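> Just the structure for this:
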Amino acid sequence: MDHFRERVAVITGGGGGIGAALAAAFAARGARIVLADLDEAAMARVAERLARSGADVLAVPTDVTQLASVRALAEAAARRFGAIHIVCNNAGVGIFGEVATATHADWDYTMRVNFWGVVHGVEIFVPRLIAQGAGGHVINTASMAGLVGMQWLGVYCASKFAVVGLTEALHRELRPHGIGVSVLCPMIVRTNINENSARNRPAELRNPGDPVVPPAGVLVGSTIAPEEVARRVVRGVERKDLYIFTHREQRDILRRRAARQDAMFEPDVW
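Numbering: from 1, shown residues only. Below you'll find the model as predicted:
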């Protein structure tokens, strides 16, 4: 059975970047698409492109920080398409700055979107997937910053580490139900996440001087297109991979992290 043909895919953060690329990749395989985004204009443009290519698409304005909004998204998708099979909890924001100088507003905004946005998606959609008894797949977008702590990304790292841990646990829980679970951990992708994060930040959670721009050299590694990320997600869903990586350089970084941990068990250290 094709993992995508005639299946219904819900994608938060579908108004651009990785979300829009996922929608296009799934639609190309015959999936029906439900876009969710806070930016209605951007989402409408993506929906129009998909419709012109022949996709069956529904766009639902959604604030993933609000449980009621995500519930309304699920209900709108069910009214239009019936069952839901693929859920991409993809909406996210990027916040730069050192932990010591982070404001409570930085923590609040980042966790509301990056962590609670995923939690709300899991809370609303996973019971539906189980009740349907038709398999399916959940993809939670984290980051390489959810696997390795990085300077100037401490708040962001905290939110993404939480998503990785949640997804690893969910992977174990949903396996007996025949539901796949993946955590997407990209490095640098060519998106407008920084600009969108600043523009969509609620006024009450903004700091004087926002947005903060990181010093040169903080973000290292190659930059890839969202379409390459989407290609890897499609493959990951087909294989039911838990981890979906996007950059070759991630392997050495993860090996060094594992080696540092393993070294703590050497006799002269232990």
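
> how many other residues sit next to the closest residue in space to T103 that isn't next to it in sequence?
Leaving out its chain neighbours, the residue that sits closest to T103 by CB to CB, 6 or more residues apart in numbering is N207, at 5.4 Å. C-beta coordinates here come from the backbone N, C-alpha and C atoms, glycine included. Look at N207: counted by other CB atoms under 10 Å, it has 17 neighbours.

> Kindly report the same for V181.
The number of residues near V181, taken as other CB under 10 Å, comes to 25.

> wait, is it part of a helix?
No. Under DSSP: H, G, I helix; E, B strand; the rest coil, V181 sits outside any helix and is assigned strand.

> What separation do you get for it and V87?
From V181 across to V87, the span is 10 Å (CB to CB, to the nearest Å).

> Next, show the common contact partners of the two.
Common contact partners of V181 and V87 (CB atoms under 8 Å, 6 or more residues apart in numbering): 137-139.

> Now render these as JSON lines, adding neighbour count.
Compiled in JSON lines, those are given as follows (neighbours: other CB atoms under 10 Å):
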{"residue": "H137", "neighbour count": "23"}
{"residue": "V138", "neighbour count": "24"}
{"residue": "I139", "neighbour count": "23"}
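
> A59: which of these is nearest?
Proximity of those to A59 (CB to CB) peaks at I139, which lies at 19.3 Å.

> What residues does I188 make contact with?
219, 221-224, 247.

> tell me which helix or strand of the chain sits lowest on mean pLDDT?
Of all helical and strand segments in the chain, the minimum by mean pLDDT, DSSP states H and E falls on helix 193-200, at a mean of 80.

> Compute the distance between the residue nearest to T103 and A198, please.
N207 sits 11 Å away from A198, taking CB to CB as the criterion.

> Report the mean per-residue pLDDT for stretch 173-187.
In this model, stretch 173-187 has an average pLDDT of 98.

> scratch that, stretch 13-30 is what I was asking about
For stretch 13-30, the mean pLDDT works out to 97.

> Stretch 63-77 now?
Here stretch 63-77 scores 98 as its mean pLDDT.

> For that stretch, what is the distance to the chain centroid?
In terms of CA atoms, centre = their mean, to the nearest Å, the centre of stretch 63-77 is found 16 Å from the chain centre.

> Which residues belonging to that stretch are considered buried?
Neighbour-count burial for stretch 63-77, counted by 16 or more other CB atoms under 10 Å, picks out 63-65, 69-70, 72-74, 76-77.

> and if you look at stretch 202-221?
Residues of stretch 202-221 classed as buried: 205, 207, 210-212, 219 (neighbour count, 16+ other CB under 10 Å).

> Excluding its own residues, what touches that stretch? List them.
So stretch 202-221 is contacted by 95-97, 103, 105-106, 108-109, 150-153, 187-188, 194, 197-198, 201, 247, 249 (CB under 8 Å, 6+ apart).

> got it, and stretch 114-131?
The contact list for stretch 114-131, computed with CB under 8 Å, 6+ apart, reads 10, 12, 64-67, 70-71, 73-74, 78, 84-85, 87, 89, 91-93, 135-136, 138, 140-141, 156, 159-160, 162-163, 166, 170, 174, 177, 179.

> Pull the contacting residues for R5.
Neighbours of R5 in contact, by CB under 8 Å, 6+ apart: 29-31.

> can you pick the most crowded of these?
Neighbour max across the contacts of R5 (other CB under 10 Å) = A31, 26 neighbours.

> and the most centrally placed residue in the chain, what are its phi and psi?
The chain has T141 as the residue nearest its centroid, 2.2 Å off, counting by CA atoms, centre = their mean. Backbone dihedrals for T141, given as degrees, to the nearest 10, come out at phi -90, psi 120.

> That one touches T167, doesn't it?
No. At 9.7 Å, T141 does not count as touching T167 under the criterion of CB atoms under 8 Å.

> Overlap of the contact sets of the two?
Residues touching both T141 and T167 (CB under 8 Å, 6+ apart) are V183.

> mind listing the strands for the stretch 101-250 of the chain?
In the stretch 101-250 of the chain, the strands defined using DSSP state E, counting those that start in this stretch lie at 137-141, 180-185, 188-189, 223-224, 243-245.
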